[in-house]
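> Sequence isn't available, so here's the structure alone:
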């Protein structure tokens, strides 16, 4: 699941840069994933008004959040216990990117 997510992230990178959204992977202090029971892949997104983070775990859990840069208020948080076998990340993260760009609570 993490591989599918990473492929999707890479495929969206240029499209997001066109609308002024920067992204970077979360860097973990311990890169040896064999020691981690449920490793994750995390991506941080930054727009003009918000910071957002999306994490996907090997166990198919997903969590995302958006924070307003000016107020430091969390304006969106969602946890998905189990992603489908073939997740449509465009659909799953549609609200995330809308809030990230607008800074408006859903």
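All right, it came through fine. Owing to the predicted nature of the structure, the values given are computational and were not obtained by experimental measurement.
> Could you pick out the longest helix of this protein?
Longest among the helix segments of the chain by residue count, using DSSP state H, is helix 2-18.
> Same question for that helix: list its buried residues.
By neighbour count on 16 or more other C-beta atoms under 10 Å, the buried set for helix 2-18 is 2, 5, 8-9, 12, 16. Every residue, glycine included, has its C-beta placed from N, CA and C.
> Could you give the number of residues near residue 55?
Other residues near residue 55 number 18, with proximity taken as other C-beta atoms under 10 Å.
> Wasn't it part of a strand?
Yes: counting by DSSP: H, G, I helix; E, B strand; the rest coil, residue 55 is found in a strand.
> Could you pull up the residues touching it?
By C-beta atoms under 8 Å, 6 or more residues apart in numbering, residue 55 lies in contact with 26, 40-43, 62-64.
> And the helices in this structure?
2-18, 89-92, 94-102.
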